[in-house]
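>>> What follows is a predicted structure for the sequence shown.
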Amino acid sequence: MGRLAELIAQGDLSDNERDELKNLVEQLEGLLATVDIVDSSGQTTFQGPTKHYREAVFHTNAFDTNSRKRGIRMFNPANSDIVGFIGMRNNAYGDLILGVDNLSQNRDTSIAFTDSSTGEGQIVLRVADVAIADFKTDGSGNNRLVLYDGAAGLTVFLGTNSDHIIDAGKSGVVHFNNNSLNIDFKINGDTVTDVFKVDAGKDVAYLRGIGARAYNDAAISIPDAAGTLLTFNSERYDTDAIHSVSSNTGRLTCKTAGVYQVSVSAEFAANATGVRRCRIRRDGTTFIAGYLSNAASAGTTIIAFSTTWKFAVDEYVEVFAYQTSGGDLNMNSTADYSPEFMMVKVA
């Protein structure tokens with residue numbers, strides 16, 4: 001640069017030559033002003049044209065942020081806390097990392113790529129310093145995809161080796177539970193774990209059904225020619241708090257909206273006179289199904305029927321029994337089928 005200045009000062013140059021050399025000197029000075037080599041730390045700093053703003057730092061020796069080494073940091077003029085980077089970790093695998101550092105929060109969002117001489121490779125996605133996804137192969141045909149929950153840990157594990165929970169093989173068949181663990185899938189906030197379940201003992205996977213079946217373990221007296229509400233003091237199952245054995249025991253109440261099949265099974269004591277009838281009533285006002293039969297000429301009279309209905313949450317159904325034998329007549333309590341009242345969600 002000094003020699004060029006001497007040439008410009010010489011008197012034997014024309015004005016045009018002097019101007020051309022002067023412009024060249026200014027351009028060279030501008031280029032040199034953008035590079036500042038700091039030998040003591042092994043880094044090269046690329047600055048803006050004003051020499052006051054650092055645009056990037058190329059590290060040939062040390063790069064301390066989150067243990068990354070040998071890379072480039074890029075600075076954000078609008079927010080000095082945000083630094084972009086691409087670099088290599090100083091480890092046996094030499095991870096290549098691309099991402100953004102939030103210096104004030106001491107966290108980064110990045111994607112890291114790893115390969116090794118043994119054939120092991122991995123891609124890890126981090127968001128706000130939390131591992132979100134991990135793709136990996138061990139070089140021996142065992143591959144995996146892991147999706148993480150930052151607070152709770154592992155949430156989904158897909159893979160091909162024998163200890164992975166979900167295995168999608170080349171045949172197109174998805175294998176659950178290769179490590180023989182029972183797995184319950186639960187809806188957040190729900191108290192029921194078996195929304196979807198893998199049963200290791202039975203080697204099956206199934207969806208949890210929604211329904212209830214209630215019964216009465218004692219006979220119920222039905223007056224002559226008077227509709228009588230049946231009650232049910234016991235349950236065979238109830239997966240959704242549909243029935244109560246302590247209040248409104250004659251009701252089955254919808255707790256999850258949808259289409260349900262509602263069924264009744266009842267046995268009247270032996271009497272050959274009159275008719276026998278059961279009807280299903282919705283919300284205390286509307287009958288939605290019923291069955292009427294003449295009394296059996298010999299033995300008991302059994303009534304069993306079902307219907308479907310689309311229910312909203314907290315709508316309920318009840319069963320009314322009716323008979324015309326000429327006097328009171330028992331609704332028998334018969335093991336497993338009388339009186340029984342049930343509903344199951346079908347859609």
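Thanks, I have it.
>>> Helix, strand, or coil at residue 320?
Following DSSP: H, G, I helix; E, B strand; the rest coil, we place residue 320 in the strand state.
>>> Might one say that it is in contact with residue 284?
No: under the criterion of C-beta atoms under 8 Å, residue 320 is not in contact with residue 284, lying 10.9 Å apart. C-beta here means a position set from N, CA and C on the backbone, and glycine is covered the same way.
>>> For the stretch 1-150 of the chain, which residues score under the pLDDT cut-off?
For the stretch 1-150 of the chain, the stretches flagged by pLDDT under 70 are 1-13, 25-71, 89-94, 117-119, 139-142, 149-150.
>>> What segments of it are strands?
Using DSSP state E, counting those that start in this stretch, the strands assigned to the stretch 1-150 of the chain run over residues 35-38, 43-47, 54-59, 68-75, 82-89, 96-102, 107-115, 121-127, 130-137, 143-149.
>>> So which elements touch the fifth one?
Applying 3 or more C-beta pairs under 8 Å, 6 or more residues apart in numbering; DSSP states H and E, we find strand 82-89 packed against strand 68-75, strand 96-102, strand 107-115.
>>> Please repeat the previous calculation with a cut-off of 7 Å.
Packing partners of strand 82-89 (3 or more C-beta pairs under 7 Å, 6 or more residues apart in numbering; DSSP states H and E): strand 68-75, strand 96-102.
>>> Give the partner strands of that strand in its sheet and their orientations.
Take DSSP bridges as the rule and strand 82-89 pairs in its sheet with strand 68-75 (antiparallel), strand 96-102 (antiparallel).
>>> can you redo the ones you listed as TSV with distance to residue 260 and mean neighbour count?
Shown next, in TSV, are those (distance: least, C-beta to C-beta, whole Å; neighbours: other C-beta atoms under 10 Å):
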stretch	distance to residue 260	mean neighbour count
strand 68-75	59	18
strand 96-102	51	17
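>>> Mind putting these into CSV with distance to residue 276?
Shown next, in CSV, are the strands paired with strand 82-89 (distance: least, C-beta to C-beta, whole Å):
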stretch, distance to residue 276
strand 68-75, 83
strand 96-102, 76
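>>> Which of the three states applies to residue 214?
Recorded secondary structure, residue 214: strand (three-state DSSP).
>>> burial count for the nearest residue in space to it that is not next to it in sequence?
In this structure, residue 214 finds its nearest non-sequential neighbour in residue 232, 3.6 Å apart by C-beta to C-beta, 6 or more residues apart in numbering. Other residues near residue 232 come to 25 when the count uses other C-beta atoms under 10 Å.
>>> With residue 217 instead?
Other residues close to residue 217 by other C-beta under 10 Å number 10.
>>> Are we agreed that it is in a strand?
No: assessed with three-state DSSP, residue 217 is coil; it does not lie in a strand.
>>> Any figure for the gap between it and residue 245?
11 Å (C-beta to C-beta, to the nearest Å).
>>> Could you pull up the residues touching the residue nearest to residue 214?
214, 215, 216, 243, 249, 250, 341 (C-beta atoms under 7 Å, 6 or more residues apart in numbering).
>>> So residue 320 and residue 284 - more neighbours on which side?
Set residue 320 next to residue 284 and count neighbours by other C-beta under 10 Å: residue 320 wins out with 18 against 10.
>>> OK, contacts around that one?
227, 228, 229, 278, 279, 281.
>>> Give the helix, strand or coil label for the nearest residue to the third one once chain neighbours are set aside.
Meaning residue 229. Nearest residue to residue 229, sequence neighbours excluded (C-beta to C-beta, 6+ apart): residue 250, at 5.0 Å. Judged by three-state DSSP, the three-state class of residue 250 is coil.
>>> Phi first, then psi, for residue 250.
In this entry, residue 250 is assigned phi and psi values of phi -90, psi 0 (degrees, to the nearest 10).
>>> pLDDT at it, what is it?
At residue 250, the pLDDT value in this model is 98.
>>> repeat for the one 5 residues further on
Per-residue confidence at residue 255 stands at 93 (pLDDT).
>>> Not including adjacent chain positions, what is the nearest residue to it?
residue 240 (4.6 Å).
>>> Spit out the contact partners of that neighbour.
Residue 240 sits next to 210, 255, 256 when contact means C-beta under 7 Å, 6+ apart.
>>> Wait, a strand at the last one?
No: checked against three-state DSSP, residue 256 lies outside a strand; its state is coil.
>>> I'd like to know how many residues surround it.
14.
>>> if we can go back for a sec, shared neighbours of residue 217 and residue 245, anything?
233, 234.
>>> Can you pull the domain assignment for this protein?
2-33, 78-207, 211-345 (automatic domain parsing).
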